[in-house]
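**Q** Here is a sequence together with a model predicted from it:
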Amino acid sequence: MDQDSQPFALVVRFTVRKGSGGAFDDLVASTAAGIRTSEPGTLVYACHRVENAPRERIFYELYANRAAFEAHEDQDHTRHFLTAREPLLESTRVDFLSLADGKTPAQPQTGANHG
């Protein structure tokens with residue numbers, strides 16, 4: 001599978017500053033609304049809270065390909081998120097992922113007879 005058609009993903013771990021969790025979650029909600037309405041190449045954009053770590057947030061993002069990720073990064077709502085999040089965060093760690101194997105929404109199902 002060439003890079004233009006290969007799904008592209010990343011995981012981001014945020015530590016939110018004390019007292020900033022609500023503001024960060026509101027920012028995520030408004031950003032996700034823009035993603036849902038205007039980013040068909042963004043297959044998964046999920047923010048998770050971490051049990052027993054109330055200031056931690058983990059994002060999992062899956063894009064149809066790298067071009068879809070680049071289109072996501074160029075959206076007004078994404079650029080706003082990237083700027084507005086900074087004063088709310090204590091730390092950020094980003095891991096870019098390359099698919100080794102598995103099943104993703106970007107791959108058609110084959111071989112199974114569901115009937």
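**A** Here it is on my side, so go on. This one's a predicted model, so the numbers in the text were calculated from it and none came from an experiment.

**Q** Glu73: how many residues sit nearby?
**A** The local packing of Glu73 (other CB atoms under 10 Å) involves 11 other residues. C-beta coordinates here come from the backbone N, C-alpha and C atoms, glycine included.

**Q** Distance check, it against Gln6.
**A** Using CB to CB, to the nearest Å, one obtains 18 Å as the distance from Glu73 to Gln6.

**Q** Spatially central residue for the chain, please.
**A** Among the residues of the chain, the one closest to the centroid is Glu61, at 2.8 Å (CA atoms, centre = their mean).

**Q** Need the CA coordinates for the host helix or strand of it. CSV is fine.
**A** Following DSSP states H and E, one finds Glu61 within strand 53-63. Included here for strand 53-63 are C-alpha records, laid out as CSV according to Å, rounded to 0.1, in the frame of the first residue of the first chain:
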residue,chain,number,x,y,z
ALA,A,53,-5.7,10.7,36.1
PRO,A,54,-8.3,13.6,35.9
ARG,A,55,-5.9,16.0,34.2
GLU,A,56,-4.9,13.6,31.4
ARG,A,57,-6.5,13.5,28.0
ILE,A,58,-5.5,11.1,25.2
PHE,A,59,-6.4,11.8,21.6
TYR,A,60,-6.6,9.1,19.0
GLU,A,61,-6.8,10.4,15.4
LEU,A,62,-7.1,8.4,12.3
TYR,A,63,-7.1,9.9,8.8
